[in-house]
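[1] Output the structure for:
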Amino acid sequence: MNIYFEGLIIGICTFLTIGLFHPIVIKAEYYWGTGCWWIFLLVGIAGVAASLLIANTVISAVCGVFAFSCFWSIKELFEQEKRVERGWFPKNPNRK
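    So this is what the prediction gives:
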């Protein structure tokens, strides 16, 4: 009987990637506002390109998860701005 760990590795990497992007979005909105959305877009496009060019299934899948987490973070960045306006998160007093 063979045990294959690829699915488990992809699942763990997906979980960690999503967990990592949550504080990144909060900090990005705090320090730069929504104007940094294009950084998430460019990094996401690079992740898609990497996913298409890498032959290893696990690494390719992790790159794809990373890329689409970047794309989802664009939406979350604008949602975070609304959360700050509602007072759910602190507003950066040094940013106008």
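
[2] hey, let's count contacts and neighbours off CA atoms from now on
    Will do.

[3] For residue 45, see how far away the closest residue to residue 6 other than its chain neighbours is.
    Closest residue to residue 6 in three dimensions, ignoring its sequence neighbours and counting by CA to CA, 6 or more residues apart in numbering: residue 58, at 6.2 Å. Counting by CA to CA, to the nearest Å, the gap from residue 58 to residue 45 is 19 Å.

[4] next structured bit after whatever helix or strand residue 17 lives in?
    Using DSSP states H and E, residue 17 maps to helix 6-32. Next along the chain after helix 6-32, taking DSSP H and E as the criterion, comes helix 37-53.

[5] by contact count, what packs against that next one?
    On a contact count with 3 or more CA pairs under 8 Å, 6 or more residues apart in numbering; DSSP states H and E, helix 37-53 meets helix 57-85.

[6] Which of the residues in the helix it packs on are classified as buried?
    Neighbour counts over helix 57-85 (16 or more other CA atoms under 10 Å) mark 58-74, 76-78, 80-81, 84 as buried.

[7] Off-centre distance for it?
    Distance of helix 57-85 from its chain centroid, counting by CA atoms, centre = their mean, to the nearest Å, is 3 Å.

[8] what angle do it and helix 37-53 make?
    On the basis of axes from the mean of the first three to the mean of the last three CA atoms, to 10 degrees, helix 57-85 is oriented at 170 degrees to helix 37-53.

[9] let's have the chain start at 486 instead
    Yep, numbering from 486; the last one is helix 542-570 now.

[10] what's helix 542-570 packed up against?
    helix 491-517, helix 522-538.

[11] Show me what the first one is packed against.
    This means helix 491-517. Here helix 491-517 touches helix 542-570, going by 3+ CA pairs under 8 Å, 6+ apart.

[12] can you pull the alpha-carbon coordinates of stretch 517-526 into PDB?
    Extracted in PDB, the C-alpha atoms of stretch 517-526 (Å, rounded to 0.1, in the frame of the first residue of the first chain):
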ATOM      1  CA  TRP A 517      -0.400  52.200   2.300                       C
ATOM      2  CA  GLY A 518      -4.200  52.200   2.000                       C
ATOM      3  CA  THR A 519      -5.900  50.700  -1.000                       C
ATOM      4  CA  GLY A 520      -3.400  52.300  -3.400                       C
ATOM      5  CA  CYS A 521      -1.100  49.200  -3.200                       C
ATOM      6  CA  TRP A 522      -3.700  46.900  -4.800                       C
ATOM      7  CA  TRP A 523      -1.600  46.700  -8.000                       C
ATOM      8  CA  ILE A 524       1.300  45.100  -6.000                       C
ATOM      9  CA  PHE A 525      -1.000  42.200  -5.200                       C
ATOM     10  CA  LEU A 526      -2.000  42.100  -8.900                       C
END
